[in-house]
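Colleague: Here's a sequence, model it:
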Amino acid sequence: MVGGHAATTRQTKRGRTYAGESLTDLFLAIFKVHGLMLTRGDELVRPLNLSSNQWQVLSSIRDRPLTMAQIARRMGLTRQGVRQVTIRLIRKGVVELTSNPDHLRAHLVGLTPAGRQLLKRADSLQARWVNRLGSRLDLDGMLRARRTLSELCSVLEWQSKTRRPARAPASNERGKASV
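Modeller: Numbering: from 1, shown residues only. Have a look, this model is predicted:
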């Protein structure tokens, strides 16, 4: 660990530890990269009449159909957001809803043949772009960044699961909580 224990416990003038300050800086960099990636993604797939959000949903069902909730969890999106994007993609004829043998109401979202072809074209555009971009960056640094972000995701997911509020008590007809 760089900086040892003191770097993780000493407070900065903003009340954060140095580790907390570094993590805040990392969050800000992630926010900026995310915005730039969405902008560049929109530019990249605009000729295909797609947005980054639509492309993201198409990519998530590349290998097999998923429910909207599964897509949302996999991509870190809201179910409502995925639903809105899915409706647009259905109208374009690139995804379809099919019955789900595991759940009566949660349909599966899957690619149509036109959707598979569209995703293939988007992937081709992305491959050329990402290969050029990747050649300008340090491979070991990218691998370290990927490991760090994976670890961060794991910790945040764990915190999310352990900090869910307990269910509110059921209420009676007057709106008061029953005990």
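Colleague: where does this protein dip in pLDDT?
Modeller: Scanning the chain for pLDDT under 70 picks out 1-9, 164-179.
Colleague: Would you mind writing the CA trace of the lengthiest strand in the chain as CSV?
Modeller: Ranked by number of residues, the top strand in the chain under DSSP state E is strand 103-111. The C-alpha coordinates for strand 103-111 follow below in CSV (Å, rounded to 0.1, in the frame of the first residue of the first chain):
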residue,chain,number,x,y,z
HIS,A,103,-41.4,-15.1,-14.7
LEU,A,104,-44.8,-14.4,-16.0
ARG,A,105,-44.6,-10.6,-16.1
ALA,A,106,-40.9,-9.9,-16.6
HIS,A,107,-40.4,-10.5,-20.4
LEU,A,108,-37.0,-11.2,-21.9
VAL,A,109,-35.5,-8.5,-24.2
GLY,A,110,-33.7,-10.1,-27.1
LEU,A,111,-32.1,-9.0,-30.3
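Colleague: Tell me the helices and strands packed up against it.
Modeller: strand 66-67, helix 68-75, strand 95-100 (3 or more CB pairs under 8 Å, 6 or more residues apart in numbering; DSSP states H and E). To be clear about C-beta, it is placed using only N, CA and C from the backbone, and glycine gets the same treatment.
Colleague: Please identify the deepest-packed of these.
Modeller: strand 66-67 (a mean of 20; mean count of other CB atoms under 10 Å).
Colleague: Touching it from outside, list them.
Modeller: Here strand 66-67 makes contact (CB atoms under 8 Å, 6 or more residues apart in numbering) with S60, R74, N100, H103, A106, H107, L108, V109.
Colleague: show me what contacts the third one?
Modeller: In this case it means N100. T67, A106, H107, L108.
Colleague: same deal with the second one?
Modeller: When contacts are counted by CB under 8 Å, 6+ apart, R74 is found next to S60, L66.
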